[in-house]
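Colleague: Below is the sequence, then the predicted model.
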Amino acid sequence: MNAPVDVSFFARAAKPLSSYRKYWAARFGTAKFLPMSRKEMDVLGWDSCDIILVTGDAYVDHPSFGMAVIGRMLEAQGFRVGIIAQPDWSSAEAFKALGKPNLFWGVTSGNMDSMINRYTADRKIRSDDAYTPGDIGGKRPDRAAIVYSQRCREAFKDVPIILGGIEGSLRRIAHYDYWSDKVRRSVVVDAKCDLLLYGNAERAIVEIAHRLAAKEPVEHITDVRGTAFVRRPDDESGKGWFEITSTTVDEPGRVEAHVNPYMTTSEQAAEQGATCAKEDEAKAVAQAAEAGGAINSGAVRADSTGARGQKDSKPEVNAAIAPLTFFANPALASTKGKIKVPPRDRSVIRLPSYEQVKSDPILYAHANRVLHLETNPGNARALVQAHGEGTTARDVWINPPPIPLTTAEMDLVFDLPYARSPHPSYADENGSHDGATKIPAWEMIRFSVNIMRGCFGGCTFCSITEHEGRIIQSRSEESIIKEVEDIRDKVKGFTGTISDLGGPTANMYRLGCKTPEIEAACRKPSCVYPGICSNLGTNHDPLIKIYRRARALKGIKKILIGSGLRYDLAVKSPEYVKELVQHHVGGYLKIAPEHTEQGPLTKMMKPGIGSYDKFKTLFEKFSAEAGKKQFLIPYFIAAHPGTTDEDMMNLAIWLKKNGFRADQVQTFYPSPMATATAMYHSGRNTLKRVHRTAQSDDETVDIVRGEKRRRLHKAFLRYHDPNNWPLLREALKTMGRADLVGNGKHHLIPTFQPLGDGGYQSARKKNSTAAPVKAAAPVKGRMLTQHTGLPPRVTGAAKPSAKLGRKLR
């Protein structure tokens, strides 16, 4: 069975990755690891690097790490690629370690947005970093994409900078920044990069590399899909585009005059030069026919209403009045005589400017909605947003999204010669990566296999769709099985268990639109909300086949599924649920209903709790058939836009009724460019058309702001924690639900309060408690920041005495 993408429009729309002629440096062959030092370059026989990649992650040569994928893909094209991982950003010296790149810098903050990586949803500094050896935090700067780009420019001013990664993708237009609580400019402007690549960038980076190698100036490369760049308004290269203005909401209509309540309807219409009396118009047409004159309908209306008081007389035909004739625009007229719209590939939508969205949350919501409507590679148009005024004015141009990879291209990407381990420079004294230098992110995916990309779920709080797109890109069965065998045979420490066989979602492999034409034209933000689209294929048979084939391999004891499961899709295939539950669950299966109430669910674009109940029924049925005692662990979000205090109370009641006690609490985190973030900033439902004045109640959104209310919503999720009971008692009484406070089984929280320290500590202790701040000894040439050991500020507050401390405890 062929993957949907292979028979779609997208398979025919782009140059294959394997069709480029290799660069001359291919003669140097393949490196075991891409070099991180001059010494490694010397061993490879290189005098310089063609491309140097700078990343905020430790270098792990594995297809789950973006820089490894980009580096290996460029190496396969014949380029010499070096990597500078987690450099000291206090000066440009660390960025000169590999010398001057011949073609360009490739810059990314890493697999995670640097701000989300560094701060919790409550804006508290994390003490750990899963992408750093030893799980040590502070190895990358805040807004790393900007800082790294600036340092690269300082190191070698004339070398082009190509920015990519998730941080760049989510900041390609003016965006709301949760950490500063304001709208910031496009990262293209702040980083001063030459090109920004958003989304999965293999297709774009390969084309750009070959064009730069052919001596094409970087400022001339403005036609690559999936890229953004700065262009001056008077730039000649921007001429010849059909500009569609979308800089306002609610265009003013005709101003209606106040009506005289003592006039009839016909008289009121006559006062405004029109008619609404059908008999008047019919009489005028009859009279005109008797006169033998051919009068257009507009003239009839004017004459008939103008003859008030003389209805029995024939209307006079004014020879000076001629009917209006409309002519088609010759520039848009087709040979068949029909009017055609401007060609999409030469159309650009002008969004409200940065200055407008910065000061107007409604315009920000409108711009965000337009951007999300232009995300289908089959029909998306270019976008442009002005930044600055006067002499500083420039436009940020965003080309349409990249064409998804075909199955053959996905195989090419994942079959590249990855070492599947961290760079040797991170090894401990035993040459291992399992001790003090362990990299948690690598440990998590060490024995996992990525089988697909993309997600058509469209959850408003998630960034996968904004980055990877809605079109599912699947690998072939043979490529997947080969990787499982390689893990079994080559990866040190493998004990027979594959930790995951999935991707952004566990069960969207080879799913897609049944009709290529519809797939290329669709503008829906989700294929599964409010219900599963009738054009969506939901056949799980190819995935079932892979599961069964993989678990039958010699030396494979267990294939676990760790990726997020779309249970609303899974219930469409009971055979898949049976295979999953009976062979691929290790006692617990985590799924994410996110909430039980329709208010927040409609803002998340998630299915109702009834879908969860259907899946739970199948899960328990097939677990019982296999004689296994297994459990579902549902995940929920607190404080999401559209969530009221009553919604959280009802969720807490549901949790207690079903016997769930949440240990880790997930609070809504407004990531840049997400639809839910636009709701959070504007207070409007951007899933609907945005108006200046809300036309209905469902266009406004309840926003959970402030530490106290966010704490309350988290407390409802952890209703069983005694430290939350005082806050919940007060809230329930205020809400008029004091009946939920009591010592019976039907009550939510008890009336008594046990002794405790009043603090909360989750299973992830590092992120739930304040990390001690150690004053570091100043290092020559390095600025002290909160990341590098700056002592806490002296605020003048007196320290509590030991006696007072004991009393407080």
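Modeller: Structure's in. What do you need? These numbers were taken from a predicted model, which means no experiment stands behind them. Numbers count the residues shown, from 1 in each chain.

Colleague: going forward, measure contacts and count neighbours with C-alpha atoms only.
Modeller: Noted.

Colleague: residues touching K22, list them.
Modeller: The contact partners of K22, taken as Cα atoms under 8 Å, 6 or more residues apart in numbering, are A76, Q77, G78.

Colleague: what's the spacing between the second one and Y23?
Modeller: Going back to what we said before, that points to Q77. For Q77, the distance to Y23 (Cα to Cα, to the nearest Å) stands at 6 Å.

Colleague: who's more crowded, the two?
Modeller: Between Q77 and Y23, counted using other Cα atoms under 10 Å, Q77 has the larger neighbour count: 21 against 18.

Colleague: The more buried one reaches A26, doesn't it?
Modeller: Yes. With contact defined as Cα atoms under 8 Å, Q77 counts as touching A26 (7.3 Å).

Colleague: hey, what's in contact with both of those two?
Modeller: Contacts common to Q77 and A26, judged by Cα under 8 Å, 6+ apart, are absent.

Colleague: quick check, V348 in a strand?
Modeller: Yes. Using DSSP: H, G, I helix; E, B strand; the rest coil, the assignment for V348 is a strand.

Colleague: how much space between it and M410?
Modeller: 30 Å.

Colleague: Comparing these two, which residue is more hemmed in?
Modeller: Ranked by neighbour count (other Cα under 10 Å), V348 and M410 place V348 first, with 23 against 20.

Colleague: what does stretch 504-515 contact?
Modeller: By Cα under 8 Å, 6+ apart, the surrounding residues in contact with stretch 504-515 are 3-5, 8, 451-455, 464, 471-474, 519, 535-540, 542-543, 561-566, 569-570.

Colleague: cool, stretch 165-178 as well?
Modeller: Contacts for stretch 165-178 (Cα under 8 Å, 6+ apart): 66, 107-114, 145, 182-188, 196-199, 228, 354, 357, 385, 396, 398, 463, 466-467, 670-674, 677-678, 681.

Colleague: how about it as PDB, C-alpha atoms only?
Modeller: Coordinates of the C-alpha atoms in stretch 165-178 are reproduced here as PDB (Å, rounded to 0.1, in the frame of the first residue of the first chain):
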ATOM      1  CA  GLY A 165      15.000  25.300  14.100                       C
ATOM      2  CA  ILE A 166      11.900  25.400  16.200                       C
ATOM      3  CA  GLU A 167      12.800  28.800  17.800                       C
ATOM      4  CA  GLY A 168      13.000  30.500  14.400                       C
ATOM      5  CA  SER A 169       9.900  28.700  13.100                       C
ATOM      6  CA  LEU A 170       7.700  30.000  15.900                       C
ATOM      7  CA  ARG A 171       9.000  33.500  15.600                       C
ATOM      8  CA  ARG A 172       8.900  34.100  11.900                       C
ATOM      9  CA  ILE A 173       6.400  37.000  12.200                       C
ATOM     10  CA  ALA A 174       5.700  39.500  15.000                       C
ATOM     11  CA  HIS A 175       4.800  37.300  18.000                       C
ATOM     12  CA  TYR A 176       3.500  37.500  21.500                       C
ATOM     13  CA  ASP A 177       6.400  36.800  24.000                       C
ATOM     14  CA  TYR A 178       5.100  35.300  27.200                       C
END
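
Colleague: Which parts of the stretch 551-700 of the chain are strands?
Modeller: Counting by DSSP state E, counting those that start in this stretch, the stretch 551-700 of the chain has strands at residues 558-559, 588-594, 631-638, 666-667.

Colleague: quick one: strands adjacent to the last one?
Modeller: Taking DSSP bridges as the criterion, strand 666-667 sits next to strand 631-638 (parallel) in its sheet.

Colleague: orientation of the strand it pairs with relative to strand 588-594 in degrees?
Modeller: Calculated by axes from the mean of the first three to the mean of the last three Cα atoms, to 10 degrees, strand 631-638 forms an angle of 30 degrees with strand 588-594.

Colleague: mind listing what's buried in strand 631-638?
Modeller: F631, L632, P634, F636, I637, A638 (16 or more other Cα atoms under 10 Å).

Colleague: Now the nearest residue to A520 once chain neighbours are set aside: which helix or strand?
Modeller: The shortest distance from A520 to any non-neighbouring residue, by Cα to Cα, 6 or more residues apart in numbering, is to G378 (4.1 Å). Under DSSP states H and E, no helix or strand contains G378.

Colleague: again with E243
Modeller: E243 belongs to strand 242-245, assigned by DSSP H and E.

Colleague: Counting by contacts, list what that strand packs against.
Modeller: strand 347-350 (3 or more Cα pairs under 8 Å, 6 or more residues apart in numbering; DSSP states H and E).
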